[in-house]
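Novice: Structural data only, the sequence is not supplied:
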């Protein structure tokens, strides 16, 4: 990933927050034919007290993904945050000198690490799915639980799934939020997106405490 210094996000808390806010990640592996393979999967980020982290997910047993990769194969997982088109008209400087072109602002996190397949461990899979369900059902008026379905049905569903875990060795963030622009232009971008009613206007604003000291190109 091309990562200019002024777009690099290194704060683990902000990286973890993006992953948790956008947990549907793209798992990129290498197929048996040497070609890249992408699978869209819901991930759960687990962070230990020492700061180490792993990503957990599951696939259908019918999915060849879990059979196609040897234990420990390095993989890449991408998490896409907010994004927004930025018109040159958002920059006050454009009105002064005309030197502006369109761009796209966005935030993403990529995680790398070895892939581990968890097959035949019903307790692991059940615990993972309970955690995943509780997180995503929390906003429901009446959260659904695994126990709401017949036990035999859940057991059959568990038998038809396989767990996956990626031990995160590298976590990189690219938050391209107009940090390479002077403060007036950054403010102009936020105001332009807000005026359009863009749902991600606030997400696309670079916090003032992070803007200080950022390079301007």
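Specialist: Here it is on my side, so go on. These numbers were taken from a predicted model, which means no experiment stands behind them.
Novice: Residue 93 contacts residue 182, correct?
Specialist: Yes. Taking contacts as C-beta atoms under 8 Å, residue 93 lies within contact range of residue 182: 7.0 Å. All C-beta spots, glycine's among them, are computed from the backbone N, C-alpha and C.
Novice: Look up how far residue 86 lies from residue 92.
Specialist: Distance, residue 92 to residue 86, by C-beta to C-beta, to the nearest Å: 13 Å.
Novice: Checking residue 72 next. Helix, strand or coil?
Specialist: coil (DSSP: H, G, I helix; E, B strand; the rest coil).
Novice: Tell me which residues touch it, please.
Specialist: 114-116 (C-beta atoms under 8 Å, 6 or more residues apart in numbering).
Novice: Can you lay out those residues as JSON lines showing neighbour count?
Specialist: Compiled in JSON lines, these are given as follows (neighbours: other C-beta atoms under 10 Å):
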{"residue": "114", "neighbour count": "16"}
{"residue": "115", "neighbour count": "21"}
{"residue": "116", "neighbour count": "16"}
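Novice: Now the most centrally placed residue in the chain. Its backbone dihedrals?
Specialist: Centroid-nearest residue in the chain: residue 79, 2.2 Å away (criterion: C-alpha atoms, centre = their mean). Backbone torsions of residue 79, given as degrees, to the nearest 10, read phi -120, psi 120.
Novice: Can you tell me who it pairs with across the strands?
Specialist: Residue 79 has these beta-bridge partners by DSSP bridges: residue 109.
Novice: again, but for residue 47
Specialist: residue 53.
Novice: what about it, neighbour count?
Specialist: 15 (other C-beta atoms under 10 Å).
Novice: next one: residue 29
Specialist: By other C-beta under 10 Å, the residues close to residue 29 number 17.
Novice: if you skip the residues just before and after it, what's nearest to residue 184?
Specialist: residue 92 (4.9 Å; C-beta to C-beta, 6 or more residues apart in numbering).
Novice: Tell me who's in contact with the one you found.
Specialist: 184-185, 188.
Novice: Verify the stated contact: residue 53 with residue 168.
Specialist: Yes. Judged on C-beta under 8 Å, residue 53 makes contact with residue 168 at a distance of 4.4 Å.
Novice: Could you list the low-pLDDT ranges of this structure?
Specialist: For the chain, the stretches with pLDDT under 70 are 200-217.
Novice: can you pull out the strands in it?
Specialist: Secondary structure of the chain by DSSP state E: the strands cover 8-9, 24-30, 36-42, 44-47, 53-60, 74-86, 103-118, 161-168, 170-176.
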